[in-house]
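>>> please find the sequence and the predicted model below.
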Amino acid sequence: MKKDLPSVYSNPIEKEIKNNTEYYYGSLRSENIVKPKNIIQQINNIFASKDFVYKKKVRVTTIDETTDVTLVGRNTTSLLTLENKTIPISNITDIEILN
């Protein structure tokens with residue numbers, strides 16, 4: 001049993017409608033340029049700063065995780081922390097000083 005819908009009259013539009021004032025053309029491609037961070041230079045700046053005496057609190061972002069640690073030393077391949085951890089420099093993606 002199908003019910004008939006009432007007929008609706010639609011007035012035909014015979015003129016051009018110009019009610020758009022602005023146009024936006026977008027793209028799906030991302031044009032963000034990311035500069036690679038020089039991690040070795042950031043580490044050298046931390047250890048060469050005037051306020052670094054024995055230890056410094058930093059936030060280290062590695063490939064796996066982000067941790068807040070206290071740096072006490074370094075060697076050519078890793079950073080040494082007060083918590084008795086070694087963090088390989090090759091795994092670090094970002095390092096920042098905490099206040």
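It's in.

>>> hey, let's count contacts and neighbours off CA atoms from now on
Fine.

>>> got the phi/psi numbers for Asn45?
The phi/psi pair for Asn45 (degrees, to the nearest 10) reads phi -70, psi -40.

>>> gap between it and Glu16?
Counting by CA to CA, to the nearest Å, the gap from Asn45 to Glu16 is 65 Å.

>>> these two - which one has more neighbours?
Using other CA atoms under 10 Å, the more surrounded residue of Asn45 and Glu16 is Asn45, with 12 against 6.

>>> can you check the pLDDT for the more buried one?
On pLDDT, Asn45 comes in at 93.

>>> next: the one 3 residues further on.
What the model reports as pLDDT for Ala48 is 93.

>>> what's the answer for the one 4 residues further on, then?
According to the predicted model, the pLDDT of Phe52 comes to 90.

>>> which SS class is the residue lying closest to it once chain neighbours are set aside?
Take Phe52 and drop its neighbours on the chain: the residue closest to it by CA to CA, 6 or more residues apart in numbering is Ile46, 7.2 Å away. Taking DSSP: H, G, I helix; E, B strand; the rest coil as the rule, one finds Ile46 in the helix state.

>>> repeat for Glu96
Going by three-state DSSP: Glu96 is strand.

>>> give the contact list for Glu16.
Contacts of Glu16 were listed using CA atoms under 8 Å, 6 or more residues apart in numbering, and none were found.

>>> cheers, nothing more for now.
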